[in-house]
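**Student:** Whatever this is, show me its structure:
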Amino acid sequence: MRADAFAPLTPEAAASLLDMLAGAEDWRLLLPYVEDEKRGGALTLLALGAELANAPARASEPPLAMIRFQWWREAVEEAFGDTQVRRHPLALAIETTLGAAPSMHSRLLSLVDGAEAVIDAAPPRTVQEALTLATPLYGRLGDALTDWLGASVTAGAGSALTLHAVATAKLSTPLQGRGLPRVADLIAQGETEGLAPQIEAQRREIRGLPAEVLPAALPFSLANAYAKGRRPGGLEKRARYLRVMLTGRF
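**Tutor:** Predicted coordinates:
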C-alpha cells in the first residue's frame, strides 16, 4: 500500500513503519480495509505489535530483554504525556496517531506487559498452553486494534489474532542471532497439533462482527490453511480478505 495513505503520518514515517511489518504480510494486507482516518493508527498498532513480538530475539539474556520492554513503556508514557517524545519513528508515530485517544494509553502499556510475559517461558505442551502463551501479546493487540477501530465490544478479534499467531508459528522463520526465543519460536518448539476445533469454534464466535471491526480479524481467515501446514500465497490471501469483507463470513 502507498506510504501516503496513512495520515496523519507523513509518507516517510509510514514507510518506516511498513518496513517494520516486512515479516508480517498477513497484517500488512489488512490495512487497505481500514477506514482512511483510522489507518495511520492501525499501522502504528501493528508496527508496535511486531516490534514487541521480535524484541526478545534482540536480547541475549532476560535482563536485557526487560530493559527493551521498559524502554517501550517509557516511550508510551511520553507519547501520552507532556514530556518530549524520544526520537524513534515508532515512538513518534504513537504520539501522532494515538496520543489523543486516552483509551489507547492503557492498551499499549498492557500490550508491552503482555509481550514481556514471554521471558523465561517454556515451550507449550498442549494447544491450550500455546494459546495461553500467545494471548497476552496477540490477544491484547487484537483488542487494542478493535478498540481503535471504534467497536463498543472487543470480544472476538483478540482471540482470532491469537489463533492466527499459533497457527503460523510452525511455519515462521526464527530471527538470526543468539537472542531469546519469541512467542512464535516457543510455540514452534512445542505442541500445536489439533487446532481445528478451536478454529471452528472461533469462526462461530466472530460471526456477525461489526463491519468496522472486520479488518482486525482478517488474518484469522488464513489460520486453517496454516494449521494444515500450508502457506497461502499473496493472491489467495487477498482473495480471502476480500471475501470476508464482502460477506462478513470467515
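**Student:** what packs against the helix or strand containing residue 54?
**Tutor:** Per DSSP states H and E: residue 54 is located in helix 36-54. For helix 36-54, the elements it packs on are helix 11-20, helix 25-28, helix 62-79, helix 89-93, helix 102-116, helix 140-149, judged by 3 or more C-beta pairs under 8 Å, 6 or more residues apart in numbering; DSSP states H and E. Glycine gets a C-beta too; all of them are placed from N, C-alpha and C.
**Student:** separation between the residue nearest the centre of the chain and residue 14?
**Tutor:** Taking C-alpha atoms, centre = their mean, the centroid of the chain lies closest to residue 49, which sits 4.5 Å from it. Distance, residue 49 to residue 14, by C-beta to C-beta, to the nearest Å: 16 Å.
**Student:** Then residue 124?
**Tutor:** Residue 124 sits at a distance of 35 Å from residue 14 (criterion: C-beta to C-beta).
**Student:** okay, those two: which has more neighbours?
**Tutor:** residue 14 (27 against 22; other C-beta atoms under 10 Å).
**Student:** shouldn't the more buried one be in contact with residue 21?
**Tutor:** No. Residue 14 is not in contact with residue 21 according to C-beta atoms under 8 Å; the separation is 10.8 Å.
**Student:** Common neighbours of those two, please.
**Tutor:** Residues within reach of residue 14 and of residue 21 at once, by C-beta atoms under 8 Å, 6 or more residues apart in numbering, are residue 43.
**Student:** before we move on, back to that, next, format the helices and strands packed on helix 36-54 as TSV and append mean pLDDT.
**Tutor:** TSV is the format used below for the helices and strands packed on helix 36-54 (pLDDT from 0 to 100):
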stretch	mean pLDDT
helix 11-20	97
helix 25-28	98
helix 62-79	97
helix 89-93	98
helix 102-116	97
helix 140-149	94
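**Student:** Of these, which stretch is the most buried?
**Tutor:** helix 140-149 (a mean of 25; mean count of other C-beta atoms under 10 Å).
**Student:** could you say what helices and strands that helix packs with?
**Tutor:** Looks like helix 140-149 contacts helix 36-54, helix 102-116, helix 157-169, helix 214-217 (3+ C-beta pairs under 8 Å, 6+ apart).
**Student:** Of those, which is nearest residue 189?
**Tutor:** helix 157-169 (9.1 Å; C-beta to C-beta).
**Student:** can you list the residues that contact the closest one?
**Tutor:** 26, 127, 130-131, 134-135, 137-143, 145-146, 183-185, 187-188, 192, 195, 198-199, 202, 205-206, 209, 213, 216-217, 219-220, 222-224, 226-227.
**Student:** Show residues contacting the very next helix or strand once past that helix.
**Tutor:** Sequence order places helix 183-189 as the next helix or strand after helix 157-169, per DSSP H and E. Applying C-beta under 8 Å, 6+ apart, the contact partners of helix 183-189 are 53, 57, 118, 121-124, 130, 133-134, 137-138, 165-166, 168-170, 172, 174, 181.
**Student:** model confidence over helix 183-189, on average?
**Tutor:** Across helix 183-189, pLDDT averages out at 93.
**Student:** buried ones in it?
**Tutor:** Buried residues in helix 183-189, counted by 16 or more other C-beta atoms under 10 Å: 183-188.
**Student:** Give the buried residues for stretch 29-47.
**Tutor:** Across stretch 29-47, burial judged by 16+ other C-beta under 10 Å covers 29-31, 33-34, 38-47.
**Student:** Name the nearest of the residues you listed relative to residue 248.
**Tutor:** Of the buried residues of stretch 29-47, the one sitting nearest to residue 248 (C-beta to C-beta) turns out to be residue 33, at 12.3 Å.
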